[in-house]
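Participant: Sequence and predicted structure are below.
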Amino acid sequence: MQQQTELIAVRRELADARQLSELSETRNLDSLEQLEMAMLDKEVAEERAEAAEAELEELKEKLAVVEVELEVIKEGAGEWVAVILMSRN
């Protein structure tokens, strides 16, 4: 009778251990899935950052061109003002 009781206890322990093992495996799979999602999110974020940096460089170049054009316009306007003022005299 005692051996049968011990056998039942061992079977229960085995069943508990199997449940814990399955739970652990499920948690590990969930963690792996979350890690994969985080890695994909990181990759997308890096691609967006690269695109934003490229756009920033393009805008800086356009700004530099516009600043040069503005200086040319200012110089031209200054010359016209001088011509107008001279013609009034």
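Facilitator: Arrived safely.

Participant: can we go C-alpha only for contacts and neighbour counts from here?
Facilitator: Will do.

Participant: ok now the host helix or strand of residue 19, how far from the chain's centre?
Facilitator: Secondary-structure element containing residue 19, defined by DSSP states H and E: helix 2-88. Relative to its chain's centre, helix 2-88 lies at 0 Å (CA atoms, centre = their mean, to the nearest Å).

Participant: For residue 7, grab the count of nearby residues.
Facilitator: By the criterion of other CA atoms under 10 Å, residue 7 has 12 neighbours.

Participant: what do you get for residue 68?
Facilitator: 12.

Participant: do the one 10 residues further on as well
Facilitator: The number of residues packed around residue 78, counting by other CA under 10 Å, is 12.

Participant: Check what pLDDT residue 75 gets.
Facilitator: On pLDDT, residue 75 comes in at 84.

Participant: how deep is it tucked in, by neighbour count?
Facilitator: 12.

Participant: And the spatially most central residue of the chain, how close does it get to residue 37?
Facilitator: The centre of the chain sits closest to residue 45, judged by CA atoms, centre = their mean, with a distance of 2.0 Å. Look at residue 45 and residue 37: by CA to CA, to the nearest Å, they are 12 Å apart.

Participant: which stretches of this structure have low pLDDT?
Facilitator: 89 (pLDDT under 70).

Participant: at 50 instead, please
Facilitator: Within the chain, no stretch has pLDDT under 50.

Participant: tell me the contacts of residue 41?
Facilitator: Residue 41 makes no contacts at all, as judged by CA atoms under 8 Å, 6 or more residues apart in numbering.

Participant: going forward, begin numbering at 63 instead of 1
Facilitator: Done: numbering now begins at 63, and the last item shifts to residue 103.

Participant: State the distance from it to residue 117.
Facilitator: In terms of CA to CA, residue 103 sits 21 Å off from residue 117.
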